[in-house]
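Visitor: just a sequence and a predicted model for now, questions to come.
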Amino acid sequence: MPSAEQRVVILGTGGTIAGSAARAQDHTGYTAGALTAADLLASVPALAGQALEAESVAQLDSCDMDQATWLALAAAVQRHLARPDVAGVVVTHGTDTLEETAAFIHYTVRATKPVVFTAAMRPATAPSPDGPQNLVDACTVAREPGAQGVLAVLGGLVHAGLGLRKVHGYRVDAFSSGDAGPVAVLEDGRVRRFRDWPTGGDCAAALMKGAARGHTDWPVVDILTSHAGARGALLRAAVAAGAKGVVLAGTGNGSVHRELVAAAHEAIAQGVRVLRASRCQLGGVVGESQSGLPSAGEITAPQARVKLLLELVAAA
Ligand code: SIN
């Protein structure tokens, strides 16, 4: 069993896990991010007496997540991971864009200790909230000997941050690791691991450059979805509005409507980076396409956007 003596730092960013509703039965009508990280920690009796610290980085509904918060979070994660007394870091986050922030931290922070994202689908005021168990489990994983990398602990599953996707808008079991499957599960407070802990951090230089530029001066990267009747005009408008990168969430195995393909090739000729992902929730893009547009491979469109953004920051 991991020892409760090993210090874990909980970094709060908001979300439903820190949400408060006027009525206990409200699972959707509530204010996300109402509680600070310290409030959240104090509301979970099972964590009392453990060596824990709480720090609020933000109190956002994660649909409003932004680059400034990503930079502040990455700096806080790095600062605490560097402390010899800290076993790992837990990040509490809204479920809606958790996969994007997890990808950002995966790419930018060399996490030789665990960085464990967690969240909740039900607000803290619900009769049966999922947040307290998720927080307890996340702290367990943050202390797990040998664990490392960016992870997400939700509903008793330990996912790698890269590859994570939210696949349901309401149910408590809202997340999937896609084809890779979870890294581990929690059973009676113990971690049973199925595959290697993730490694990342290969865009650390982009983080330094991005921080030096400040959060307002990063290249614009947009996501556009392909669908029946898709219009190239939207992609041309994105480029005219300053997009330096575009991720196309294609149909099926990343196929893209011919109108968007034509506009994408025009954009590439103007120096815009274009990547083809899939709008399907599970799986990614396999092989090449006759469209000639580069593939994002197995990562989802939202995570491909984060990677492309960091590549453009590094190159600028
Ligand atoms: C959010 O993403 O901040 C709100 C929704 C949630 O956490 O489930």
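Guide: Looks like it arrived, so ask away.
Visitor: how about the secondary structure of the spatially most central residue of the chain?
Guide: Most central in the chain under C-alpha atoms, centre = their mean is Glu99, positioned 2.4 Å from the mean C-alpha point. Here Glu99 is helix, with the state taken from DSSP: H, G, I helix; E, B strand; the rest coil.
Visitor: give the contact list for it.
Guide: Glu99 makes contact with Ala152, Gly161, Leu164, Arg165, Lys166, Thr300, Pro302, Gln303 under the criterion C-beta atoms under 8 Å, 6 or more residues apart in numbering. Glycine gets a C-beta too; all of them are placed from N, C-alpha and C.
Visitor: tell me the pLDDT of it.
Guide: Looking at Glu99, its pLDDT reads 98.
Visitor: worst-scoring helix or strand of this protein, pLDDT-wise?
Guide: helix 204-213 (a mean of 82; mean pLDDT, DSSP states H and E).
Visitor: and this protein, which of its residues are near the ligand?
Guide: Residues of the chain found near the ligand (C-beta under 6 Å from any ligand atom) are Gly14, Gly15, Thr16, Ala32, Asp61, Ser62, Cys63, Gly94, Thr95, Asp96, Ala119, Met121.
Visitor: contact partners for the first one?
Guide: Put plainly, it is Gly14. Gly14 neighbours (C-beta under 8 Å, 6+ apart): Ala32, Gly33, Ala58, Gln59, Leu60, Asp61, Ser62, Thr92, His93, Gly94.
Visitor: SS state for the second one?
Guide: Recorded secondary structure, Gly33: coil (three-state DSSP).
Visitor: how about the last one?
Guide: Secondary structure state of Gly94, per three-state DSSP, is coil.
Visitor: that one touches Gly33, doesn't it?
Guide: Yes. Gly94 lies in contact with Gly33 (C-beta atoms under 8 Å); the separation is 7.2 Å.
Visitor: joint contacts of these two?
Guide: Contacts common to Gly94 and Gly33, judged by C-beta under 8 Å, 6+ apart, are Thr13, Gly14, Gly15, Leu60, Asp61.
Visitor: pLDDT value on the closest residue to the second one other than its chain neighbours, please?
Guide: Nearest in space to Gly14, with sequence neighbours left out and distances taken as C-beta to C-beta, 6 or more residues apart in numbering, is Gly33 at 2.7 Å. Model confidence at Gly33, given as pLDDT, is 84.
Visitor: show me the contacts for Gly33.
Guide: By C-beta under 8 Å, 6+ apart, Gly33 lies in contact with Thr13, Gly14, Gly15, Ala18, Gly19, Ala58, Gln59, Leu60, Asp61, Gly94.
Visitor: quick check, pLDDT for the residue in the stretch 201-316 of the chain positioned nearest to the ligand.
Guide: When scored by C-beta to the nearest ligand atom, the stretch 201-316 of the chain has Pro302 as its residue closest to the ligand, at 12.8 Å. At Pro302, the pLDDT value in this model is 98.
Visitor: got the contact list for it?
Guide: Applying C-beta under 8 Å, 6+ apart, the residues contacting Pro302 are Thr97, Glu99, Glu100, Ala103, Arg165, Ile223.
Visitor: between these, which has the most around it?
Guide: Within those, neighbour counts (other C-beta atoms under 10 Å) peak at Ala103, which reaches 27 neighbours.
Visitor: wasn't Leu275 part of a helix?
Guide: No. Counting by three-state DSSP, Leu275 is located in no helix; its state is strand.
Visitor: looks like it contacts Leu248 (just checking).
Guide: Yes. Using C-beta under 8 Å, Leu275 is in contact with Leu248, at 7.0 Å.
Visitor: are there residues contacting both of the two? Which ones?
Guide: Leu293.
Visitor: these two - which one has more neighbours?
Guide: Per other C-beta under 10 Å, whichever of Leu275 and Leu248 has more neighbours is Leu248, with 31 against 27.
Visitor: quickly find the element holding the more buried one.
Guide: Using DSSP states H and E, Leu248 falls within strand 243-250.
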